[in-house]
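Enquirer: Dropping the sequence and predicted coords here.
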Amino acid sequence: MGRGASSLEGIALFGLHRLEEGQRALEAALRIAQRQQAKAYELRAAMSMARLWRDQGKRNEARELLASVYGWFTEGFDTRDLKEAKVLLDGLAAR
């Protein structure tokens, strides 16, 4: 399975309201990205998981997960993914 496949599968399953399966797919995407040290893919999977957890009322868990991945980056903050992650993090921190 490709690096982004589980993440895309998870997002598609959410669209079909298959939340448990979608969460398992995102968890798999995170594990694969971590194992392969693919930080960009890990960030995308973490953002998807953070959005799910936010929607489930798990804001602290969502913020912790995303902050741990986002904090790894030291450059590239003008890229779309990192900009989106920052907006999501800020939204999770607000309350």
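Expert: Yep, that arrived. The structure presented is a predicted model; accordingly, all values stated were derived computationally and were not measured. Residues are numbered from 1 along each chain as shown.
Enquirer: need the next SSE after the helix or strand bottoming out on mean pLDDT in the chain, C-terminal direction.
Expert: Ranked by mean pLDDT, DSSP states H and E, the helix or strand of the chain with the weakest confidence is helix 5-15, at a mean of 52. Moving toward the C-terminus from helix 5-15, the first helix or strand encountered (DSSP states H and E) is helix 19-35.
Enquirer: what's that next one packed up against?
Expert: Using 3 or more CB pairs under 8 Å, 6 or more residues apart in numbering; DSSP states H and E, the elements in contact with helix 19-35 are helix 5-15, helix 39-55. For the C-beta atoms, the positions are set from N, CA and C on the backbone; glycine is no exception.
Enquirer: any idea of the angle the last one forms with helix 19-35?
Expert: Going by axes from the mean of the first three to the mean of the last three CA atoms, to 10 degrees, helix 39-55 is angled at 150 degrees with respect to helix 19-35.
Enquirer: What score does residue 38 have for pLDDT?
Expert: Residue 38 is assigned a predicted lDDT (pLDDT) of 91.
Enquirer: Could you do the one 4 residues further on as well?
Expert: According to the predicted model, the pLDDT of residue 42 comes to 93.
Enquirer: What number of residues are in the vicinity of it?
Expert: Residue neighbour count, defined by other CB atoms under 10 Å, stands at 23 for residue 42.
Enquirer: Kindly report the same for residue 22.
Expert: Counted with other CB under 10 Å, the neighbours of residue 22 add up to 21.
Enquirer: now do the one 5 residues further on
Expert: For residue 27, the tally of surrounding residues (other CB under 10 Å) stands at 14.
Enquirer: ok, it touching residue 49?
Expert: Yes - between residue 27 and residue 49 there is a contact at 7.4 Å, judged by CB atoms under 8 Å.
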